[in-house]
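[1] structure, please.
(chains A and B)
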Amino acid sequence: MKGADILSVLNFSAFRPEPDDPSAVWRRRFPGERTVLLSLSRSSASWRGVQRNGKLGEGDTMAGELKDILSERSFQIKELSDHGWCSVSLNTRYVISLEANLSRRPGSEEIIKTNPRSVLGARYERGKRYAVTHNPETNSSILLACDEEHIRKVETTLREPGLQIGRICCGTYILLRHALAQTNVTKSGEKPTSFFYVVCCQGSVCALVQDNDRWTELRSRTDVYEGAPGPILELLTPFKARLPQEADIVLICDNPIPQLPESLSALFDGKKVADLTQPDLFWNLLAQN
Amino acid sequence: MQIHARYIDDFKTERKDIAPPLPGYLRLVPICFYLSVVAAILLNALFAVQWNQAKQAKEASLRQNRELQSELDGIKQQRQQLETEAKKATDLANWVEGSRPLQPLIVDIARSMGQDSSIVEMRLDRSPDNASQIQLSLRLQTVNPRQLDQTIQTITNARFRAYSPQQSMERGEVEYKATLFWQDSSRGQPEPSNVQ
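    Residues are numbered from 1 along each chain as shown, chains lettered A, B, ... in the order given. Okay, the predicted model is just below:
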């Protein structure tokens, strides 16, 4: 036993998860410590500090390549955290797809991280890191595949200015899961629900059709928009013909996009749009979970 | 359909030696450690206070001991003085007691004085080394030439025998010196040997 181990027991840090322990939520990893949250896309980066009390602090957004942004603003980003720990949300070089008949063995959502081949079978591709969300009512699953090379590149780029990576996740996938958890609250056997989920995060868009609890269609694109909702509407237009009659639109964005709810309602013939978007919702999801 | 919110999927390159947090009940270990540290500090403080108190008590006891010792020395000195005085008193009593057999002799000598005679000085000395001998020195103021004979006769009647008497006369005073011996010790009279 090393002196550091004894010290960690005496200062109770050994009873908390390690800063890069993926099994623990962010706020439990850094009690009383400032951290920074990063959201990266191909052409921009946003960041937000998390204060010692868990509340959100200062933040900013900057356009450009990650390397250029870090060369200019790494000091300010690092200054927002006590020891340089950051949580990174990737919004490029990933694929969200709808799959059927994936393995549903107990713990498959965990196993896919260490042994994806056992869950994905022939769908497994080398050089990808996966996450999966199973539909409890059907055999369909939402599969997220991130490019491993891009992840390693981001890790290397962020470590150069002295940042320590506590987590790398996909912002669009997080918002999609949050929207699914918020809207699918009926017990099994009750009346099935139909929704059209629209998720926008840092230029990426994901649309999922849920028809009577069945996930029927999913479309995901990265680096679609930069501000105006036009490209989003273009991406969603093909769903107009295939959308179930009773499906409501559920919109969730990392930041409110002006005129998007109204435009969606107009595009889909006056369908009701439930906008789950709230200021700082995305940052709070990253900071609390 | 219910989809539960769960933790955020992490895609970073995993470190191999990530240790899970220690179970909560093991918090007792550092808690006990800190309690023992606090207890040690408190006990040490308590012991220090008690040590100081014991030190002060010891100093007070030593001081009291010194005071009592000096008081005892004073009492011993007083006792020694009292014993000295008692010894003196005992000696005086012994002397008075020892001189009691000579008292009839002195009374007889005094009563032997006639009307025209008086004792100027009379002295009876007895050496501790030879207690049976009494040195008599008598100076008389008299006009009666037979006064000294009467006195010597009185001494003889008192069963003392004069040895090597010396007699002189100067300016009307008769001086008589002699060594007296107890004349008849077989009668069982106490010998004045304890007179100093």
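
[2] only C-alpha atoms for contact and neighbour calcs from this point on.
    OK.

[3] what does the stretch 51-200 of chain A put close to chain B?
    A:129-131, A:135-137, A:146, A:151-152, A:155, A:165-169, A:174, A:177-178, A:180-181, A:184-190, A:192-193 (Cα under 8 Å from any Cα of the partner chain).

[4] so of the residues you listed, which ones are in helices?
    A:151-152, A:155, A:174, A:177-178, A:180-181 (DSSP state H).

[5] quick one, domains of chain B?
    Domains of chain B are assigned by automatic domain parsing as B:24-98, B:100-187.

[6] hmm, back to that, among the ones in helices among the residues of the stretch 51-200 of chain A next to chain B, which ones are buried?
    Neighbour-count burial (16 or more other Cα atoms under 10 Å in any protein chain shown) is assigned, among these, to A:151, A:155, A:174, A:177-178, A:180-181.

[7] hmm, back to that, so which of the ones in helices among the residues of the stretch 51-200 of chain A next to chain B comes closest to residue B:73?
    Closest approach to residue B:73 among these (Cα to Cα): residue A:155, at 93.7 Å.

[8] what's the closest one in contact with, if anything?
    A:165, B:12 (Cα atoms under 8 Å, 6 or more residues apart in numbering or on different chains).

[9] what sits against the residue nearest to residue A:208 when sequence neighbours are not counted?
    Leaving aside its chain neighbours, residue A:208 sits nearest to residue A:218 (4.4 Å; criterion: Cα to Cα, 6 or more residues apart in numbering or on different chains). Residue A:218 makes contacts with A:96-98, A:206-209, as judged by Cα under 8 Å, 6+ apart.

[10] which residue ranges of the stretch 151-289 of chain A form helices?
    A:171-183, A:230-236, A:239-242, A:260-267, A:281-288 (DSSP state H, counting those that start in this stretch).

[11] so of those helices, which one's packed in deepest?
    helix A:171-183 (a mean of 22; mean count of other Cα atoms under 10 Å in any protein chain shown).

[12] just say helix, strand or coil for residue B:168.
    Taking DSSP: H, G, I helix; E, B strand; the rest coil as the rule, one finds residue B:168 in the strand state.

[13] and it, how far is that from chain A?
    Using Cα to the nearest Cα, to the nearest Å, residue B:168 is found at 121 Å from chain A.

[14] so which residue is dead centre in chain A?
    Nearest to the mean C-alpha position of chain A, by Cα atoms, centre = their mean, lies residue A:171 at 2.4 Å.

[15] now chain B
    Closest-to-mean residue, chain B, Cα atoms, centre = their mean: residue B:80 / 2.9 Å.

[16] what is the most widely separated pair among the contacts of residue A:218?
    Pairwise across the contacts of residue A:218, and taking Cα to Cα, the largest span is found between A:96 and A:209, at 13.4 Å.

[17] the residue nearest to the centre of chain A is in contact with residue A:90, isn't it?
    Yes. Contact criterion Cα atoms under 8 Å: residue A:171 and residue A:90 qualify, at 6.3 Å.

[18] shared neighbours, those two?
    Joint contacts of residue A:171 and residue A:90 (Cα under 8 Å, 6+ apart) are residue A:39.

[19] angles on the backbone of the residue nearest to the centre of chain B, please.
    phi -60, psi -40 (degrees, to the nearest 10).

[20] for it, give me the pLDDT.
    You'll see residue B:80 listed with a pLDDT of 95.

[21] that one: what's it in contact with?
    Contacts of residue B:80 by Cα under 8 Å, 6+ apart: none found.

[22] quick one: the strands in chain B, in order.
    B:117-126, B:133-142, B:160-170, B:173-182 (DSSP state E).

[23] low pLDDT regions in chain B?
    B:98, B:128, B:131, B:184-196 (pLDDT under 70).

[24] quick one: name the residues of it near chain A.
    So far as Cα under 8 Å from any Cα goes, chain B lies against chain A at B:1-13, B:15, B:18-24, B:27, B:30.

[25] now restrict those to buried residues only.
    B:1-3, B:7-12, B:27, B:30.

[26] show me the strands in chain A, by range?
    Going by DSSP E, chain A shows strands at A:35-40, A:44-50, A:56-63, A:85-90, A:94-100, A:128-134, A:140-147, A:164-170, A:195-201, A:204-211, A:214-221, A:248-253, A:273-275.

[27] could I get the ones you listed as CSV with mean pLDDT?
    Formatted as CSV, the strands of chain A follow (pLDDT from 0 to 100):
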stretch, mean pLDDT
strand A:35-40, 94
strand A:44-50, 93
strand A:56-63, 92
strand A:85-90, 94
strand A:94-100, 93
strand A:128-134, 93
strand A:140-147, 94
strand A:164-170, 94
strand A:195-201, 94
strand A:204-211, 94
strand A:214-221, 93
strand A:248-253, 93
strand A:273-275, 92
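
[28] reformat these as TSV; add distance to residue B:149.
    What follows is the strands of chain A, written out as TSV (distance: least, Cα to Cα, whole Å):
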stretch	distance to residue B:149
strand A:35-40	144
strand A:44-50	145
strand A:56-63	146
strand A:85-90	144
strand A:94-100	166
strand A:128-134	161
strand A:140-147	164
strand A:164-170	146
strand A:195-201	164
strand A:204-211	168
strand A:214-221	172
strand A:248-253	164
strand A:273-275	166
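
[29] count the neighbours of residue 84 for me.
    Chain wasn't specified; assuming chain A. The local packing of residue A:84 (other Cα atoms under 10 Å in any protein chain shown) involves 19 other residues.

[30] looking at chain B here, not the other one
    Residue B:84: 12 neighbours (other Cα under 10 Å).

[31] and the helices in chain B?
    Going by DSSP H, chain B shows helices at B:28-99, B:102-111, B:147-157.

[32] show residues contacting the shortest one.
    Judged by Cα under 8 Å, 6+ apart, the contacts made with helix B:102-111 from elsewhere in the structure are B:119, B:151, B:154-155, B:158, B:192.

[33] again, but for the last one
    Applying Cα under 8 Å, 6+ apart, the set of residues contacting helix B:147-157 from outside is B:105, B:108-109, B:112-114, B:117, B:161-162, B:174.

[34] just the closest of those to residue B:137, please.
    residue B:174 (10.6 Å).

[35] with adjacent residues omitted, what lies nearest to that closest one?
    Per Cα to Cα, 6+ apart, closest to residue B:174 is residue B:140, 5.0 Å.

[36] for the one you found, give the beta-bridge partners.
    residue B:119, residue B:174 (DSSP bridges).

[37] run a quick neighbour tally on residue B:100.
    13.

[38] need phi/psi at it.
    Taking degrees, to the nearest 10 as the convention, residue B:100 sits at phi -60, psi -40.

[39] same question, residue A:64
    Residue torsions, per degrees, to the nearest 10, at residue A:64 are phi 130, psi 180.

[40] right, and it touches residue A:40 too?
    No. The criterion here is Cα under 8 Å, and residue A:64 misses it with residue A:40 at 10.2 Å.

[41] those two: which has the busier surroundings?
    Per other Cα under 10 Å, whichever of residue A:64 and residue A:40 has more neighbours is residue A:40, with 25 against 14.

[42] which residues does the closest residue to the more buried one other than its chain neighbours bridge with?
    Closest residue in space to residue A:40, ignoring its immediate chain neighbours: residue A:90 at 5.2 Å, by Cα to Cα, 6+ apart. When bridges are called by DSSP bridges, residue A:90 pairs up with residue A:40, residue A:170.
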